[in-house]
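Chemist: got a predicted structure plus its sequence, pasted below:
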Amino acid sequence: SQTIHQWPATLVQPVGSPLSLECTVEGTSNPNLYWYRQAAGRGLQLLFYSVGIGQISSEVPQNLSASRPQDRQFILSSKKLLLSDSGFYLCAWSAGTNNQPQHFGDGTRLSIL
Amino acid sequence: SQQGEEDPQALSIQEGENATMNCSYKTSINNLQWYRQNSGRGLVHLILIRSNEREKHSGRLRVTLDTSKKSSSLLITASRAADTASYFCATVNSGNTPLVFGKGTRLSVIA
């Protein structure tokens, strides 16, 4: 069966520090991968998605970047965090096209001080 | 941008009652999906309904889709305290772009 791992679960970082959040998927090949941010009590904002290794689509201009160095690994990064980067970050995968359900990790709660 | 808008924003019911949540969207869709999120956790996929379908069932869940009104509803029958969560609709539009999520309905089921 397929599983998705996302870590860390919580993270407290100072303003201006770098960020690296990692997400890995097991049990499937060539998944579509997604990074979302969720503000408190709000819906999900799609940040990046990837349909293959090295292929990244950015949905929102921001202080973040994403990379997909391996088929089932998706990394969210920042060189210098801002206060506005605080939030709940979710990674998800789906099989093939966008017509398939997405499967989510348990998220990373990021607090910027 | 957000496509789906759930209504109501919050809903509180007694255990055993039915819960109905609605979702409206603006553009033509390929499919509409409902997800559930427990507090502080990731989302869990519930049901996918395609644009040529009108109704789908899964256990105590019933989803309807009215493409003429650009709306969908999620009905949870005989609710339980464990159904307490936020429920989101999400759409894939006809251009086949990634899912766009609404802001969700917070459901509280009181035992």
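Modeler: In hand now; what should we look at?
Chemist: residues contacting residue B:80?
Modeler: B:15, B:109 (CB atoms under 8 Å, 6 or more residues apart in numbering or on different chains). In this view, the C-beta of every residue, glycine as well, is placed from N, C-alpha and C.
Chemist: check the gap between it and residue B:25 for me.
Modeler: As judged by CB to CB, to the nearest Å, residue B:80 and residue B:25 stand 29 Å apart.
Chemist: and the spatially most central residue of chain A, bridged to which residues?
Modeler: Closest to where the C-alpha atoms of chain A average out (CA atoms, centre = their mean) is residue A:35, at 3.0 Å. Beta-bridge pairing for residue A:35 (DSSP bridges): residue A:48, residue A:91.
Chemist: surely it touches residue A:74?
Modeler: Yes: applying CB atoms under 8 Å, one finds residue A:35 in contact with residue A:74, separated by 6.7 Å.
Chemist: overlap in contacts, the two.
Modeler: Common contact partners of residue A:35 and residue A:74 (CB under 8 Å, 6+ apart): A:23, A:66, A:91.
Chemist: residue numbers of chain A in contact with chain B?
Modeler: Counting by CB under 8 Å from any CB of the partner chain, chain A comes close to chain B at A:6, A:32, A:34, A:36, A:41-44, A:46, A:49, A:59, A:88, A:90, A:92, A:97-99, A:101-107, A:109.
Chemist: one more time with 7 Å
Modeler: A:34, A:42-44, A:46, A:49, A:90, A:97-99, A:101-107 (CB under 7 Å from any CB of the partner chain).
Chemist: the residue nearest to the centre of chain A reaches residue A:47, doesn't it?
Modeler: Yes: contact criterion CB atoms under 7 Å: residue A:35 and residue A:47 qualify, at 4.5 Å.
Chemist: for chain A, what's the nearest residue on chain B?
Modeler: Proximity of chain B to chain A (CB to the nearest CB) peaks at residue B:42, 3.3 Å away.
Chemist: and the residue nearest to that residue when sequence neighbours are not counted, how close does it get to residue A:44?
Modeler: Residue nearest to residue B:42 in three dimensions, not counting chain neighbours: residue A:104, with 3.3 Å by CB to CB, 6 or more residues apart in numbering or on different chains. Taking CB to CB as the measure, residue A:104 falls 9 Å from residue A:44.
Chemist: and for the two, which residues touch both?
Modeler: Counting by CB atoms under 7 Å, 6 or more residues apart in numbering or on different chains, the common neighbours of residue A:104 and residue A:44 are residue A:90.
Chemist: nearest spatial neighbour of residue 18, skipping sequence neighbours?
Modeler: Using chain A. residue A:79 is the one closest to residue A:18 (CB to CB, 6+ apart), at 5.7 Å.
Chemist: actually it's chain B I care about, not the one you picked
Modeler: Here the residue nearest residue B:18, using CB to CB, 6+ apart, is residue B:77, at 5.1 Å.
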